[in-house]
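Asks: output the structure for:
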Amino acid sequence: MTARWVVSISEARDLHVVWEPISLRMKNDVSPDSEHYPVVAWSTKLLRVMESAREAGGDDAVFPLYLEYGRRIHHDGEREWAPAAALAAVGLDASHAAAAEDASWDEVVRRRMDEGLALVGPDVGTPLIAYETADGRTVANFGPVIAEVPPDEDGLRLWDAFTTLTEMDGFFELKRARSQRPQFGDRP
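Replies: Purely as a prediction, here's the structure:
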């Protein structure tokens, strides 16, 4: 939801978005005997495919594939699929699907993930947002975690509030209990 929100306000706030990976398998060092391992192992394979697509097509190749993954998971209820099918759906070369089973891509995923985590610290999850301020500082924070994409002006107000808070020295966290599940809306 956060990714779709950022896309919805990116033009109005003149944002150039670069999508980066975060592997919960790597970050949380999930062991193969964990009940969570199958999900995080699968998502790491998807990140490998994304990094292969990035290497060939640059940063612009990443978001369409990420969005397609989200469509399949959140709208279609699919939990696993042939990566070549997602690549084909967004017009990317099916050869990137081989990266799913190629653990050598883990080095790229981990390096990019660690660069993002270095900006916010290790005790957070996803989403992370980092950006450069008007005075040239890089600021980053975990969140915001949202249940749905805010409409038009609300989305812009959320961005403005987010950036106001994240640019304040000494601001670290704002949180409340989740009261609703994500509202994915129509399939984008």
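Asks: what segments of the protein are strands?
Replies: 128-132, 138-142 (DSSP state E).
Asks: and the last one, what other elements does it pack with?
Replies: Think strand 138-142. helix 106-120, strand 128-132, helix 152-166 (3 or more C-beta pairs under 8 Å, 6 or more residues apart in numbering; DSSP states H and E). Every residue, glycine included, has its C-beta placed from N, CA and C.
Asks: next, the angle from the second one to strand 138-142.
Replies: With axes from the mean of the first three to the mean of the last three C-alpha atoms, to 10 degrees applied, the angle from strand 128-132 to strand 138-142 works out at 170 degrees.
Asks: tally of neighbours for the residue nearest to Phe63 when sequence neighbours are not counted?
Replies: Closest residue to Phe63 apart from its sequence neighbours, by C-beta to C-beta, 6 or more residues apart in numbering: Trp19 at 5.2 Å. Other residues within reach of Trp19, judged by other C-beta atoms under 10 Å, total 18.
Asks: per-residue confidence for Trp19?
Replies: Looking at Trp19, its pLDDT stands at 95.
Asks: now Gly116
Replies: 94.
Asks: ok, it - contacts?
Replies: Glu20, Ile22, Leu128, Ala130, Ala140 (C-beta atoms under 8 Å, 6 or more residues apart in numbering).
Asks: how close does Arg25 sit to Glu35?
Replies: 13 Å (C-beta to C-beta, to the nearest Å).
Asks: quick one: which of the two has more around it?
Replies: Arg25 (22 against 7).
Asks: so what's the more buried one up against?
Replies: Tyr37, Val40, Ala41, Ser43, Thr44.
Asks: and for Arg187?
Replies: Arg71, His75, Asp76.
Asks: okay, now the last one: neighbour count?
Replies: Counted with other C-beta under 10 Å, the burial measure for Asp76 works out to 11 neighbours.
Asks: swap in Phe171?
Replies: The burial count for Phe171: 12, using other C-beta under 10 Å.
Asks: residue contacts, Ala140?
Replies: Counted by C-beta under 8 Å, 6+ apart, Ala140 has contacts Gly116, Leu119, Val120, Leu128, Ile129, Ala130, Tyr131, Thr166.
Asks: for the fourth one, which non-adjacent residue is spatially closest?
Replies: The one in question is Leu128. Gly116 (5.2 Å).
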